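Student: what follows is a predicted protein model with its sequence.
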Amino acid sequence: MLAAVVNVARPARTGVLRWRFLAQSEASTPHAAFNILSDATKDSLEQRKVVAMIQRPTKLAAALAFTSVILLAAVTANARIVAPPEPLAQRVEQADKVFVGVLTNRKLLEGDWCHADLKVTQAIKGANVGDLVPVVWRPTIAGYDASNEQVGLAVLKYAHENRYWLRSDTFEDAKLVTEAKSILAANEAERLAELDAFWAEVSRAVRTGDFEAYKATCHSEGVLVSGTKNMSQPLSDALARWKKEFVATKTGEMKASVEFKFSARLGDSTTAHETGIFCYSTVDSEGNSKDEYVHLEGLLVKQDGKWKTLMEYQKSKATLDEWKALE
């Protein structure tokens, strides 16, 4: 394996670039290759850790490697190309934390690193008022800087060594807070509507004895946890046990129904944790009816665009009064 190294020189009179390729073995230090480049190019290459290591069976291969390195160095040393920020709606939906904060504890460190904290003054998503959220940025390289007491809307996702990256598109005008809240509210309404449709399908499947439809709402790796029986098992095992009741319902030997009420509904676009009570009602062939109220926690994931039960935790028996209280 050989490294293609570029020697760039500018004759004093002609002003024409003269390019020379040197073959340097792997045993040589890679820093020697940088000594022949301009300072701006060296900095750019160092910052991006660009190392051109190629096999050199022909001069053509070396020329291609040289061209790629020089073009990258020229672009990065002399121009800053910044990709346009993603739409606010997309950033807010994907962010770990969204809040209004004030920058404090700003410290400029060696190597163009700046550390600070964002003190949360208005929590919107993933944060609490009073939290200090550590952030980091590189003023010179990124062309962005922030100062103490600066107030803005933080939309944070990407982190470096437990500090969120601060940029113009992650700490911006606090006037956007109303728009951010509206985006999150719309997303949450859509998510809850999808989950309501999911639980309605579960109820329909139980009521009609549609076992395959009920099975389709369960994740293939799902788990049933029973607090009253002090046990857990794969949902597939529970489905096999419940199937006879679906068959009996479908054939008219019995009637069954299930309803759900929730006290807490947490999650994001692909996960959900639902807490509440379900009422499972049956009427046997002799007309005897029975209602069972059970405290429920459900963990769901969105798989291929459809919600699936990953864990069903039947915690304990509930009372009729507790059921009525969840209106």
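Tutor: Perfect, thanks for sending it.

Student: which of the helices or strands spans Tyr293?
Tutor: strand 289-303 (DSSP states H and E).

Student: ranges for the helices of the stretch 201-327 of the chain?
Tutor: Counting by DSSP state H, counting those that start in this stretch, residue ranges of the helices within the stretch 201-327 of the chain are 211-216, 235-251, 320-325.

Student: average pLDDT across stretch 285-298?
Tutor: Stretch 285-298 shows a mean pLDDT of 96 in the predicted model.

Student: go ahead and confirm Phe211 touches Thr249.
Tutor: No. At 9.1 Å, Phe211 does not count as touching Thr249 under the criterion of CB atoms under 8 Å. Every C-beta, even on glycine, is put in place using the N, C-alpha and C of the backbone.

Student: which one of those two is surrounded by more residues?
Tutor: Neighbour tally, Phe211 and Thr249, criterion other CB atoms under 10 Å: the higher count belongs to Thr249, 22 against 19.

Student: now the nearest residue to the more buried one once chain neighbours are set aside. Its backbone dihedrals?
Tutor: Ranked by CB to CB, 6 or more residues apart in numbering and with sequence neighbours excluded, the top spatial neighbour of Thr249 is Gly209, at 3.4 Å. In terms of degrees, to the nearest 10, the main-chain angles of Gly209 are phi 70, psi 30.

Student: Gly209 - how many residues pack around it?
Tutor: Under the neighbour criterion other CB under 10 Å, Gly209 is assigned a count of 21.

Student: again with Lys119
Tutor: Using other CB under 10 Å, the number of residues around Lys119 comes to 18.

Student: so what sits opposite it in the bridge?
Tutor: Val102, Leu132 (DSSP bridges).

Student: number of nearby residues for Ala254?
Tutor: Let me fix one detail, which is that residue 254 is Met and not Ala. Counted by other CB under 10 Å, the residues lying close to Met254 total 17.

Student: any idea how far it is from Thr319?
Tutor: Computed as CB to CB, to the nearest Å, the Met254 to Thr319 distance reads 25 Å.

Student: circling back: quick check: which of the helices of the stretch 201-327 of the chain is nearest to Gly222?
Tutor: helix 235-251 (3.5 Å; CB to CB).

Student: what packs against the closest one?
Tutor: Other helices and strands packing on helix 235-251, by 3 or more CB pairs under 8 Å, 6 or more residues apart in numbering; DSSP states H and E, are helix 177-208, helix 211-216, strand 218-226, strand 255-267.
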